[in-house]
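Visitor: What follows is a predicted structure for the sequence shown.
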Amino acid sequence: MSESKGKIFYSNATQLIFCFFSNILHISKLLFDVYCVYNFAQFQIMKRKATPRVYFKGMPLDFDWP
């Protein structure tokens, strides 16, 4: 009886940990994408010495970043 309970708890814990890590990976991937787009926009601006309008999902990236 206690052995099956332990197994159920173990599977739940591993599922939780896996879910947690996949969420972290997803968020870090999102941040990395935004960072890449930001760097690309900065590079384009430096290259042209102008402010081209670079759109990332409908958001202009040529405004002043904090």
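Guide: Received the coordinates, thanks. Numbers count the residues shown, from 1 in each chain.

Visitor: those helices in this structure, which residues are they?
Guide: For the chain, the helices defined by DSSP state H occupy 2-48.

Visitor: just for it, where's the confidence low?
Guide: 1-9, 47-66 (pLDDT under 70).

Visitor: again, only using 50
Guide: 50-52, 66 (pLDDT under 50).

Visitor: V37 versus K29, what's the distance?
Guide: 13 Å (Cβ to Cβ, to the nearest Å). Any C-beta I mention is one placed from the backbone N, CA and C, and that applies to glycine too.

Visitor: what about these two, which has more around it?
Guide: V37 (16 against 10; other Cβ atoms under 10 Å).

Visitor: Distance check, the more buried one against Q44.
Guide: 11 Å.
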